[in-house]
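# Here is a sequence with its predicted model. Questions after.
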Amino acid sequence: MRKIRPVRFTVGPTVLPFILCAFLLAPAGGFGAAGGAAGAFYDLKVPSLEGEMVDLAAYRGKVTLVVNVASRCGYTPQYSGLEELHRGLSPRGFSVLGFPSNDFGGQEPGTSKEIRKFCSLKYDVTFPMFDKVVTRPGPTQSPAYAFLGRSGNLPGWNFAKYVVGRDGQVVAFFPSQVKPESPELRAAIEKAFAASPR
């Protein structure tokens, strides 16, 4: 009877760098549920401001307003309106979701602890806040903003706003100058409440 010899695979010096490169370029959370691959915003998992992973599936069935926030921006006083909106509509299944970003004018340079302290003391923010993100396209872009960008809109400055429907799809986008109390933003939120999940 002929012996079957085991086959050994070796990785040569030419192939190894490619394997290492692929490993190093993999998204931090692995390849699953990256922004470009997620079917809905609520399919994503993102770190909170305190560094704990949050499954956005907790918001499925709710309407959310996703905002890239900053502490040293001319639009920073919008925190007050966002908090008012969050408190007023949360009983109906609504939440503001804040994503600090230092992308525009370096206006969010603080650490997570500094951001939390500022929001709590200055604006009494109670809506969920997440880890600092990169909103701009590129290898370091947050999966959340990779998904949101598929709507055809990315923030041009701090405090850009996305209305996300109950099914986790973007239903409206508003630039920074549209305030939380603006009639057009309120109308888009009401429309999202009225819509049946797709």
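That came in fine, so what should we check first?

# Tell me where this protein has helices.
Under the criterion DSSP state H, the chain carries helices at the ranges 16-24, 78-89, 112-123, 143-148, 183-194.

# what inclination does the last one have with respect to helix 78-89?
Meaning helix 183-194. Taking axes from the mean of the first three to the mean of the last three C-alpha atoms, to 10 degrees, one finds helix 183-194 and helix 78-89 inclined to each other by 30 degrees.

# Now residue 140: closest residue in space that isn't a chain neighbour?
Sequence neighbours aside, residue 134 is the residue nearest to residue 140 in space, at 4.7 Å (criterion: C-beta to C-beta, 6 or more residues apart in numbering). Bear in mind the C-beta positions are built from the backbone N, C-alpha and C, glycine included.

# Need the residue closest to the centroid of the protein.
Taking C-alpha atoms, centre = their mean, the centroid of the chain lies closest to residue 144, which sits 3.4 Å from it.

# can you pull the contacts of it?
Listed by C-beta atoms under 8 Å, 6 or more residues apart in numbering, the contact partners of residue 144 are 35, 41, 44, 46, 66, 99, 130, 133.

# The fourth one against residue 131, yeah?
Yep, that's residue 46 we're talking about. Yes. Assessed by C-beta atoms under 8 Å, residue 46 is found in contact with residue 131 at 7.0 Å.

# Surely residue 185 is in contact with residue 178?
Yes. With contact defined as C-beta under 8 Å, residue 185 and residue 178 form a contacting pair (5.6 Å).

# so how many other residues sit close to residue 146?
Neighbour count of residue 146, defined by other C-beta atoms under 10 Å: 21.

# Which strand residues bridge residue 162?
residue 66, residue 173 (DSSP bridges).

# Surely it and residue 65 touch.
Yes. Taking C-beta under 8 Å as the definition, residue 162 is a contact partner of residue 65 at 7.1 Å.

# so what's the residue lying closest to residue 175 once chain neighbours are set aside scoring on pLDDT?
Leaving aside its chain neighbours, residue 175 sits nearest to residue 160 (5.8 Å; criterion: C-beta to C-beta, 6+ apart). pLDDT, residue 160: 98.

# could you list every residue that touches residue 160?
Residue 160 makes contacts with 67-68, 135, 153-154, 173-176, as judged by C-beta under 8 Å, 6+ apart.

# just the buried members of the residues you listed?
Buried by 16 or more other C-beta atoms under 10 Å: 67-68, 135, 154, 173-174, 176, out of the contacts of residue 160.

# okay, now residue 121: neighbour count?
Residue 121: 9 surrounding residues under other C-beta under 10 Å.
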